[in-house]
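Visitor: sequence plus the predicted model coming up.
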Amino acid sequence: MKKLVAVAALLAMVLVGCGGGSDDADPLAGGNAGDGGHTHSDDAPAGAATCSPSGTSLSITAKDIQYDKGCLAAPAGQAFTIKFDNNDALPHNVTIQVSHTSTESFFSGEQITGPNKSVTYRVSSIAAGTYHFHCIVHPDQMNGTFVVK
Ligand SMILES: [Cu+2]
């Protein structure tokens with residue numbers, strides 16, 4: 001199990017190295033008509049999506065090494081579930097953590113390999129905040145904002 005994760009992480013790093021960055025979908029790029037140019041604003045991460053919770057049953061799907069959602073939301077202080085569908089013949093999961101680079105996670109779901117595989121993760125309650133989720137195998141291709149409120 002440990003070894004598999006290590007291999008997967010290595011693979012992800014190789015993939016990222018070859019991919020040459022996944023910033024091509026940055027909605028802020030090219031949208032700046034202002035004369036100021038770059039403003040290094042720290043108050044919101046570029047391209048961060050926001051969403052609001054609607055119940056304790058969340059769902060997300062992976063296909064073509066992408067999630068179908070850029071934002072997931074859960075109510076603060078309540079346990080919830082995430083139904084995760086994997087339509088790729090690759091291992092994916094959902095991990096929730098404070099930030100992209102954080103080394104501690106609130107929750108890290110079991111990796112499943114599709115296609116047509118699904119799992120329902122049970123996640124313990126999380127305090128209100130805006131966090132991050134990603135696939136631990138493909139953190140740079142598969143990620144999003146995790147809102148708890
Ligand atoms: Cu993945």
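Guide: Okay, I see it.

Visitor: shaky segments in this protein?
Guide: Under the criterion of pLDDT under 70, the regions of the chain flagged as low confidence span 1-48.

Visitor: need the contact list for the closest residue to residue 58 other than its chain neighbours.
Guide: With C-beta to C-beta, 6 or more residues apart in numbering as the criterion, residue 58 has its nearest non-adjacent residue at 4.5 Å, and that residue is residue 82. Where C-beta positions appear, they are placed from N, C-alpha and C, glycine not excepted. Shown in contact with residue 82 (C-beta atoms under 8 Å, 6 or more residues apart in numbering): 58, 59, 60, 72, 94, 109, 120, 121, 123.

Visitor: may I ask which of those residues has the most neighbours?
Guide: residue 94 (27 neighbours; other C-beta atoms under 10 Å).

Visitor: distance of it relative to residue 139?
Guide: Plainly put, residue 94 is 11 Å away from residue 139 if you go by C-beta to C-beta, to the nearest Å.

Visitor: again with residue 100
Guide: Applying C-beta to C-beta to residue 100 and residue 139 gives a distance of 7 Å.

Visitor: neighbour-wise, which of the two wins?
Guide: Set residue 100 next to residue 139 and count neighbours by other C-beta under 10 Å: residue 139 wins out with 19 against 13.
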